[in-house]
Structure formats: C-alpha cells, structure tokens
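Chemist: With the sequence up front, the predicted model follows.
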Amino acid sequence: MASRSSRSSSRKPLTFQPPQVPTQPVTTNHATISIEMDRDNSRRMTLMLDGAPSSFIDLDDPTNVVFEYMEIYLCVIAQISPGPLHVTHLGSAGSSMARAIEALRPDSRQIGIDIDAQLLEYSRQWFALPRSPRLRLRAGDAREQLERIADHSQDVIIRDAFSSGAIPEHLTSVQFTQLVFRKLKPGGLYLINCADKPPLSRARSEVATLLAQCAAANAAAEWQGEEFHSAQTFVIAEPGIMKGRRYGNLVLGALSPTGATEPLLDPESATLGRAVRSLAVPARVLMGDEVAQFAGTAAVLSDPE
C-alpha cells in the first residue's frame, strides 16, 4: 500500500479547499439534502438525506468513514492483496467509500451510481472526490446502470442504495444477484449494507438469496467440469444486531466462484476475524453452516412475475 507521502500531489485531498457548503437544506428531485458540520472540526461533515445520515466526509482523512458498517467494509477490503481495484458503488451519495478506497488503493478505477443526478453534482462540488477516470459518477437506476458495465470486469461491487429509507426491492432479488455475479471477475466480491430490525426478516431473506445464487453458480461451474473455488456467502455484524436484539446494519458478502485463480479474499481468515473484533464496535463473522442457520427458512427474494 502506498503511503500518502508517495502519492502525487494531484491525488491528495489534504490541500483541498471546499466551496461554501449550504447552510440551508437543498431539495432535489429525489431528496432533501442538508450538511451537518462537525462541532470541533469544520473540515468534517455529515451529508443528510431526508434527515437521515448518509455519508460522513473528512476532507483531511478519507479513511475516516465513521459509520460502523463502512468500517467493516474497509476491514474486508484490507484482506484483498495490495493493488488497485475495479469497484462499482450502487448508491453513491457523498462517495465516502469511494474516497476511502482511493486513499487506500491508489490507481483504482471506480464507478459511483446514484439515482439522484443533482446529488452527484453537489458531491463533486463539495467533497474532494477523485477525478475521472479514477471515479466516474453515473446518474440513474442502479440495476439499469449495472447492466451497462462490462461482464466480468469488477473486483468489488458494493450495494448501499436506499429509497425513502428502504432498500429498493429490485436490488435484492436472486435475478439481480445473478446480474451482480455476471459483472464480477471470477472470485470477485459483492458487499451489501442491509439495515434491518428484529427479527431480521429482511436480512435473513437477503442471505437466503445470496446462498441460492452461490449454489446456482457452483452448480454451473461443476456442470462445466472445472476445478474451481466455490462461491460462498458470509455475514458480518455486531453480535447484538446479529442476534436480533436491536436495529442496525449487517454487512452481507458473497464471493463469485473461480477456477485456478484464487478468490479475492478468504472470509474464514483469522486476520479478518481479528480485524472486525478490534473495531470500536466489535463485530463477528458468520461463515459456512452458521450462515445457513442464520438464513433459516427465510424465503429467497425474486422479481415479480
């Protein structure tokens, strides 16, 4: 991993002088945007969408993402071998995760997709985003835009899309998950932010859907008679959330199958387990049979007939 001192000055956010961010709410066709400034540091702020926190921006430290589920994302991505990545973000908002990946993986190529074109324009103006082609921003429906991306081209796809505080149904189905797998490179990584409340019915169905897609992908690889690393599903969350004690965010993950090439990461790695346990809010990794037990009898999500 390159240190910040070794990176060209054109890529450093440290000298970025932001334009005046709005002091009053701004309304777009999709949301009301407001900025909450940090009381102790005017270069830190939270992007609010319809009154809910959406992105934390630290202009001096892009890796300071604050939100617990984003810290889990970074723990997972840290397990991937060093080097630039091809990453697509489904739900971009303030692009705080894209900023963090740019800082940690220089020369990565990222695509940020968001339904709100005006929000993307404001994020460019306000938040020291990497320039194109390092970060391309595309406005539109996440599923439609993902269709336009080349097959087998992405190392990581991150789904963090919400509409009126809910996960869009058409981004949760097994058909959509199949599309995601088609866009991933062999052994590529799919990460999901799933916000849910007890008894975690949504999260369990999303996990059941990932398990169904992984089983189908593995069966297709076996049918072709290939030697391959199986697709697999994992879940990471704070134990209290995982046990259904309170509302919160679970990170769901899946790896697409691959042949001789090693997958991007090993979710069973002791290093990953230690990393998520060492977070400010310690988390736990579920793998293998534990994932199936978590899903239980939950229904696989599917597109309407």
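Modeler: Arrived safely.

Chemist: low-scoring pLDDT stretches of the stretch 151-300 of the chain, where are they?
Modeler: For the stretch 151-300 of the chain, applying pLDDT under 70 flags the ranges 223, 225-226.

Chemist: Now residue 81: closest residue in space, sequence neighbours ignored.
Modeler: residue 264 (7.7 Å; Cβ to Cβ, 6 or more residues apart in numbering). C-beta: built from backbone N, CA, C; applies to glycine.

Chemist: check contacts around the one you found.
Modeler: 80-81, 155-156, 187-189, 255 (Cβ atoms under 8 Å, 6 or more residues apart in numbering).

Chemist: try 6 Å this time
Modeler: When contacts are counted by Cβ atoms under 6 Å, 6 or more residues apart in numbering, residue 264 touches 80, 187, 189.

Chemist: One more: residue 99?
Modeler: Listed by Cβ under 6 Å, 6+ apart, the contact set of residue 99 reads residue 62.

Chemist: does it sit in a helix, a strand or a coil?
Modeler: helix (DSSP: H, G, I helix; E, B strand; the rest coil).

Chemist: Return the helix or strand harbouring residue 143 as CSV; C-alpha atoms alone will do.
Modeler: Taking DSSP states H and E as the definition, one finds residue 143 inside helix 142-147. Extracted C-alpha coordinates of helix 142-147, given in CSV (Å, rounded to 0.1, in the frame of the first residue of the first chain):
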residue,chain,number,x,y,z
ALA,A,142,-28.6,1.1,-10.1
ARG,A,143,-29.9,-2.0,-11.9
GLU,A,144,-30.1,-0.4,-15.2
GLN,A,145,-26.7,1.2,-14.9
LEU,A,146,-25.1,-2.0,-13.7
GLU,A,147,-26.4,-3.7,-16.9
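
Chemist: What are the buried residues along that helix?
Modeler: For helix 142-147, the neighbour count (16 or more other Cβ atoms under 10 Å) marks 142-143, 145-146 as buried.

Chemist: cool, stretch 53-67 as well?
Modeler: Residues of stretch 53-67 classed as buried: 54-59, 62, 64-67 (neighbour count, 16+ other Cβ under 10 Å).

Chemist: ok, which stretches of the stretch 1-150 of the chain are strands?
Modeler: Along the stretch 1-150 of the chain, counting by DSSP state E, counting those that start in this stretch, strands occupy 26-27, 32-37, 44-49, 52-58, 86-90, 109-114, 135-139.

Chemist: circling back to that earlier point, next, the residue nearest to residue 81: phi, psi?
Modeler: Backbone torsions for residue 264, taken as degrees, to the nearest 10, come to phi -60, psi -30.

Chemist: how about the strands in the stretch 201-305 of the chain?
Modeler: Taking DSSP E, counting those that start in this stretch to define them, one finds strands in the stretch 201-305 of the chain at 232-237, 248-255, 284-286.

Chemist: Name the stretch among these that sits most buried.
Modeler: strand 232-237 (a mean of 25; mean count of other Cβ atoms under 10 Å).

Chemist: Residues in contact with it: which ones?
Modeler: Residues outside strand 232-237 that contact it (Cβ under 6 Å, 6+ apart) are 72, 210-211, 214, 250-255, 267, 276, 283, 285-287, 291, 294.

Chemist: if we can go back for a sec, relative to residue 298, which of the contacts of residue 264 is nearest.
Modeler: residue 189 (22.7 Å; Cβ to Cβ).

Chemist: before we move on, the earlier item: max pairwise distance over the buried residues of helix 142-147: which two?
Modeler: 143 and 145 (7.4 Å).

Chemist: residues touching residue 61, list them.
Modeler: Contacts of residue 61 (Cβ under 6 Å, 6+ apart): none.

Chemist: Residue 128 versus that one, what's the distance?
Modeler: 11 Å (Cβ to Cβ, to the nearest Å).

Chemist: now swap in residue 48 and tell me
Modeler: In terms of Cβ to Cβ, residue 48 sits 19 Å off from residue 128.

Chemist: Residue 76 too?
Modeler: 24 Å.

Chemist: what do you get for residue 250?
Modeler: Residue 250 is 30 Å from residue 128, by Cβ to Cβ.

Chemist: Could I get the pLDDT score of residue 52?
Modeler: The model reports residue 52 with a pLDDT of 92.

Chemist: Chain neighbours aside, what residue packs nearest to it?
Modeler: Leaving aside its chain neighbours, residue 52 sits nearest to residue 165 (6.3 Å; criterion: Cβ to Cβ, 6+ apart).
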